[in-house]
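K.L.:
Generate coordinates for the sequence data below:
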Amino acid sequence: MKKLMLMLLISSVLVSCKINQLYLNVIEPAPVTLSQQIKKAGVINRSVPTDETRILDVLDKALSLEGVNLDKDGAEQAINGLSAELLNNKRFDDVRTLTDIDFRTPSLMGIFPVPLSWEIVSKVCREKGVDALFALEYYDTDTKLRYSTRDKGDKEVLGIKIPGIVHQADMETIVKTGWRIYDPINRVVADEYHHVQSVVFSGTGVTPLVAVAGLIGRKDAIKEVSSKAGHGYALRLIPYELRVMRDYFVKGTNNFKIAKRKAQVGKWNEAGELWEQETTNPKRKVAGRATYNMAIINEINGNLDTALAWAQKAWEYYKIRQALRYVDILENRMVKTDILIEQQQR
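P.N.:
This is a model prediction of the structure:
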């Protein structure tokens, strides 16, 4: 057993010695792609309960310790946050919050309602002069209160020992929002997204009432979280930066050692020149590693087609194990790059 463990340890050391890791910042396409024809956005609130479900809504608020108008105010903040962030998006010529239309939904407690009919969506877009509808489909808060005590130690008053008890109230509010984007041009729901965030407050005091009274600022905090939920949803239309890790070979010949040091000081192109020299090395293992590294340097320089060709060669001709997985990574990046180009066209 000890011999086996020693062999595993040696193996891991050898792997770490022949390979280094680098980090790249790559641009990922936005999670949501909209038609280029959509230039004007309308924002609607469907989270208001219908008359038929209003009684259930009131009961839900009572059972979950929700404050007066908490859902109404929170939903308004979510809508405002969405509208503000959409206005910052250069792809839209105009963003309109459609507050003069009474949209209601029979859905309660964080469940998506039935989508709007395309007849309604098209009519609203036509009458309001917008190309698509961004809808807050539901907004719900669920609040729970936990109460506890802890011993603070005895306290002496006028020679009498009085037990010191601290009362603590912990209140957690879960804010749930559901969003859809209606594209009437192509008659598709371009996105359906559910977001959940928890807000926790604590208060302490010498009595339970004093502890609960310490739960101040709850409503303002929930409104702020709701606004951020709206901002966050609008960002699903924006490409974002992602940090990724890549492996590259640093052992094989003296050129690999020099290239390793050049890479460590940021001279990647000079390192690439040394790797390219080794792609014709008579030793297959060395040539294979150099071929794989050529894929890495080309990805660093943004040449994905060339990087893919090198990675494929590293696997097909030299069976470099890392190259096969790298081929999949590069092919995936190329697909995402095409989506990114489409998203950046207005």
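
K.L.:
Could I get the CA-only coordinates of the helix ranked longest in the chain as PDB?
P.N.:
Counting by DSSP state H, the longest helix found in the chain is helix 321-344. Extracted C-alpha coordinates of helix 321-344, given in PDB (Å, rounded to 0.1, in the frame of the first residue of the first chain):
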ATOM      1  CA  ARG A 321      -4.200  13.500 -24.300                       C
ATOM      2  CA  GLN A 322      -4.800  17.100 -23.300                       C
ATOM      3  CA  ALA A 323      -5.300  18.100 -27.000                       C
ATOM      4  CA  LEU A 324      -8.500  16.100 -27.400                       C
ATOM      5  CA  ARG A 325     -10.300  18.000 -24.600                       C
ATOM      6  CA  TYR A 326      -8.800  21.200 -25.900                       C
ATOM      7  CA  VAL A 327     -10.300  20.600 -29.300                       C
ATOM      8  CA  ASP A 328     -13.700  20.500 -27.700                       C
ATOM      9  CA  ILE A 329     -13.000  23.700 -25.700                       C
ATOM     10  CA  LEU A 330     -11.900  25.600 -28.900                       C
ATOM     11  CA  GLU A 331     -14.800  24.400 -30.900                       C
ATOM     12  CA  ASN A 332     -17.200  25.600 -28.200                       C
ATOM     13  CA  ARG A 333     -15.400  28.900 -28.100                       C
ATOM     14  CA  MET A 334     -15.800  29.300 -31.900                       C
ATOM     15  CA  VAL A 335     -19.500  28.700 -31.700                       C
ATOM     16  CA  LYS A 336     -19.800  31.200 -28.900                       C
ATOM     17  CA  THR A 337     -17.700  33.700 -30.900                       C
ATOM     18  CA  ASP A 338     -20.200  33.500 -33.800                       C
ATOM     19  CA  ILE A 339     -23.100  34.200 -31.300                       C
ATOM     20  CA  LEU A 340     -21.100  37.100 -29.900                       C
ATOM     21  CA  ILE A 341     -20.600  38.600 -33.300                       C
ATOM     22  CA  GLU A 342     -24.400  38.300 -34.000                       C
ATOM     23  CA  GLN A 343     -25.200  40.000 -30.700                       C
ATOM     24  CA  GLN A 344     -22.800  42.900 -31.300                       C
END
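
K.L.:
tell me the mean pLDDT for that helix?
P.N.:
If you average the pLDDT over helix 321-344, you get 95.

K.L.:
Distance from the chain centre to it, please.
P.N.:
Averaged C-alpha coordinates place helix 321-344 at 20 Å from its chain's average position (Cα atoms, centre = their mean, to the nearest Å).

K.L.:
Quick one: residues in contact with that helix.
P.N.:
The contact list for helix 321-344 (Cβ atoms under 8 Å, 6 or more residues apart in numbering) reads 19, 26-30, 33, 239, 246-247, 288, 291-292, 295, 299, 304-305, 307-308, 311-312, 314-315. C-beta coordinates here come from the backbone N, C-alpha and C atoms, glycine included.

K.L.:
cool, stretch 280-291 as well?
P.N.:
249, 251-253, 256, 275-279, 310, 313-314, 317-320, 323.

K.L.:
helices or strands next to the biggest strand by length in the chain in the packing?
P.N.:
For the chain, the longest strand by residue count, based on DSSP state E, is strand 132-157. Contact analysis of strand 132-157 by 3 or more Cβ pairs under 8 Å, 6 or more residues apart in numbering; DSSP states H and E lists strand 40-45, helix 70-87, helix 118-128, strand 160-183, helix 208-213, helix 218-234 as its packing neighbours.

K.L.:
For my notes, please list these in JSON lines and give mean pLDDT, mean neighbour count and distance to Q343 for each entry.
P.N.:
Compiled in JSON lines, those are given as follows (pLDDT from 0 to 100; neighbours: other Cβ atoms under 10 Å; distance: least, Cβ to Cβ, whole Å):
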{"stretch": "strand 40-45", "mean pLDDT": "96", "mean neighbour count": "22", "distance to Q343": "15"}
{"stretch": "helix 70-87", "mean pLDDT": "94", "mean neighbour count": "21", "distance to Q343": "15"}
{"stretch": "helix 118-128", "mean pLDDT": "96", "mean neighbour count": "15", "distance to Q343": "22"}
{"stretch": "strand 160-183", "mean pLDDT": "82", "mean neighbour count": "18", "distance to Q343": "14"}
{"stretch": "helix 208-213", "mean pLDDT": "65", "mean neighbour count": "14", "distance to Q343": "49"}
{"stretch": "helix 218-234", "mean pLDDT": "92", "mean neighbour count": "20", "distance to Q343": "14"}
